[in-house]
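*Asks:* What follows is a predicted protein model with its sequence.
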Amino acid sequence: MSGRIYSIQAENTSEFVEKIDRLDVPDGFNQIFISRYPQSRLLDVLDISSIRCYWLTTSQGVGTIEPSLEKIHHFLESTLDNEQGWIFIEGLEWLTSVHGFESVHSMIRTISERIAMSAWTVYLAISLDSFDQRESSRIIREAPLFIPKEDHQQFSESESNSIQDDHSERANSSVEMDLTEDGTPKLVMLTRLPQTGFTKQILQRRILQWRRMGLDTAEIESSLYTEDLDGMYAEYIQIEEKVRRAVELERYIVNEVNDAQERTIALFRIRQLTGLDDLEKRYFLD
């Protein structure tokens with residue numbers, strides 16, 4: 001198996017994570033996320049329990065990489081010699097501002113040559129607006145660009161084995177953009193996952209989407225430790241129904257409940273997916 005290197009157009013970390021969420025991780029694959037942000041900043045957008053995160057920083061510690069091109073190259077070299085998996089790298093524009101475009105481009109070219117002899121694939125986050133046309137073309141020449149297909153809501157790179165429809169791109173965008181008055185994401189109803197083609201990886205992505213909305217997903221997370229897909233789907237449907245009820249309750253409370261304390265308590269209970277029966281009796285029944 002030969003590795004490949006790709007670019008993914010993303011203006012920020014959230015957009016990058018949204019797009020890599022749509023990749024279907026093969027069994028036995030490792031995942032590594034290299035970022036200019038510490039793990040504490042990634043908790044709200046990334047499931048760090050399944051991805052090893054490394055922070056590009058001059059601070060010394062576990063899970064850090066010095067942001068020198070030499071250190072990054074050394075880390076990648078030592079990683080590519082072992083096992084297989086995917087490596088996600090963001091902060092390309094920042095590295096360019098520190099080291100210059102030519103040096104960063106040289107690193108990308110070296111990675112491209114080295115990755116072909118490994119069982120790893122590298123995905124680079126790139127904001128094309130941050131580079132001039134010539135620079136962008138040179139990067140994409142080494143690391144071809146994944147282009148999202150809006151009509152199928154999936155990546156269209158024909159040579160990739162990582163294409164996966166997540167059934168929820170538009171709804172997921174709403175999670176990131178539509179906020180309540182206190183700055184938390186509004187609850188939205190995502191497209192229901194069909195049982196046909198349902199997998200543990202798809203459920204993991206849906207759980208991560210719910211977590212980004214601030215929902216407590218502990219009840220469904222335990223099902224990920226089983227191999228019974230039918231039972232897993234049945235539990236998913238139960239939580240999906242709770243989320244639907246939570247969405248309707250939140251919409252009503254935000255628009256109709258004026259008492260700040262009452263609203264805060266109710267919204268907290270909704271995010272915990274507890275007490276939905278009591279809240280529905282209080283607000284929806286005469």
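*Replies:* Yes, it's here.
*Asks:* tell me the strands in the stretch 101-250 of the chain, going along the chain?
*Replies:* Under the criterion DSSP state E, counting those that start in this stretch, the stretch 101-250 of the chain contains strands at 120-126, 145-146, 148-149, 154-155.
*Asks:* Partner strands of the second one and their direction?
*Replies:* What that stands for is strand 145-146. strand 4-9 (parallel) (DSSP bridges).
*Asks:* What mean pLDDT does the partner strand get?
*Replies:* The average pLDDT within strand 4-9 is 90.
*Asks:* helix or strand right after that strand?
*Replies:* Moving toward the C-terminus from strand 4-9, the next helix or strand (DSSP states H and E) is helix 13-20.
*Asks:* so how far is that next one from its chain's centroid?
*Replies:* From the chain centre to the centre of helix 13-20 is a distance of 5 Å (Cα atoms, centre = their mean, to the nearest Å).
*Asks:* okay, the angle between that helix and strand 4-9?
*Replies:* 130 degrees (axes from the mean of the first three to the mean of the last three Cα atoms, to 10 degrees).
*Asks:* Now do the same contact list for the closest residue to Thr274 other than its chain neighbours.
*Replies:* Nearest residue to Thr274 in three dimensions, chain neighbours excluded: Asp216, at 7.9 Å (Cβ to Cβ, 6 or more residues apart in numbering). For glycine as for every other residue, the C-beta is placed from the backbone atoms N, C-alpha and C. With Cβ atoms under 8 Å, 6 or more residues apart in numbering as the criterion, the residues that contact Asp216 are 271-274.
*Asks:* how close does Tyr37 get to Pro194?
*Replies:* Going from Tyr37 to Pro194 by Cβ to Cβ, to the nearest Å gives 35 Å.
*Asks:* and if you look at Leu215?
*Replies:* 21 Å.
*Asks:* Between these two, which has more neighbouring residues?
*Replies:* Between Leu215 and Pro194, counted using other Cβ atoms under 10 Å, the more crowded position is Leu215 (21 against 10).
*Asks:* can you point me to the longest helix in the chain?
*Replies:* Secondary structure of the chain read by DSSP state H shows that its longest helix is helix 229-256.
*Asks:* Beyond that helix, next helix or strand please.
*Replies:* Counting by DSSP H and E, what follows helix 229-256 is helix 260-271.
*Asks:* and Thr226, what are its phi and psi?
*Replies:* phi -110, psi 170 (degrees, to the nearest 10).
*Asks:* Neighbours of it, how many?
*Replies:* Neighbour tally, Thr226, other Cβ under 10 Å: 11.
*Asks:* Please report the distance of the nearest residue to it once chain neighbours are set aside from Leu224.
*Replies:* What sits nearest to Thr226 in space, not counting adjacent residues and going by Cβ to Cβ, 6+ apart, is Met232, at 6.2 Å. Taking Cβ to Cβ as the measure, Met232 falls 8 Å from Leu224.
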